[in-house]
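In: here you go, sequence then predicted model.
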Amino acid sequence: QVQLVESGGGLVQAGGSLRLSCAASGRTFSSYDMGWFRQAPGKEREFVAAIRWSTGRTYYADSVKGRFTISRDNAENAVYLQMNSLEPEDTAVYYCAADRRPPLGSISYARDQYDYWGQGTQVTVSS
């Protein structure tokens, strides 16, 4: 059974940094795409970043490009999201997700393409 467990959220001032972790278990994820999504109060869950586990290729939403970095650790079976220069608009619950049948070419940006989800971790950025 696939389990994704996020950690690393918290309260930070604008301009600060946080590193989110996603511990993945229950499968070999070498053929998966792994994504981070976020959901702010009253808003839809939106794509933040993704990584193709097999190649390490990364993809980002325009709103976080240049500030966030997604990475994976094969030995730890974990995915990370390094978030720098945080803004109040980044405040949301952040979710780790796994796509077990990734498309050819680019990753899926749509949340309904992801099969497994973690419970989420709260990130709050104060101004």
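Out: Yep, it's here.

In: closest to the centroid, which residue in this protein?
Out: W36 (1.9 Å; C-alpha atoms, centre = their mean).

In: quick check: bridge partners of that residue?
Out: Using DSSP bridges, the bridge partners assigned to W36 are A49, C96.

In: what about E89, which SS state?
Out: Secondary structure state of E89, per DSSP: H, G, I helix; E, B strand; the rest coil, is helix.

In: that one and S108: what is the separation?
Out: With the distance defined as C-beta to C-beta, to the nearest Å, E89 ends up 24 Å from S108. No exception for glycine: its C-beta is placed from N, CA and C like everyone else's.

In: so those two - more neighbours on which side?
Out: More crowded of E89 and S108, by other C-beta atoms under 10 Å: S108, with 18 against 11.

In: what sits against that one?
Out: Neighbouring residues of S108 by C-beta atoms under 8 Å, 6 or more residues apart in numbering: D33, G35, A50, D99, P102, Y114.

In: grab the nearest non-local neighbour of the fourth one.
Out: What it means is D99. D33 (4.2 Å; C-beta to C-beta, 6 or more residues apart in numbering).

In: before we move on, back to that, just among the contacts of S108, which is most surrounded?
Out: Neighbour max across the contacts of S108 (other C-beta under 10 Å) = G35, 28 neighbours.

In: wait, that one sits on D112?
Out: No - with contact defined as C-beta atoms under 8 Å, G35 does not reach D112; the gap is 11.9 Å.

In: for the protein, which segments are assigned as strands?
Out: 3-7, 10-13, 18-25, 33-39, 46-52, 58-60, 68-73, 78-83, 92-99, 116-117, 121-126 (DSSP state E).
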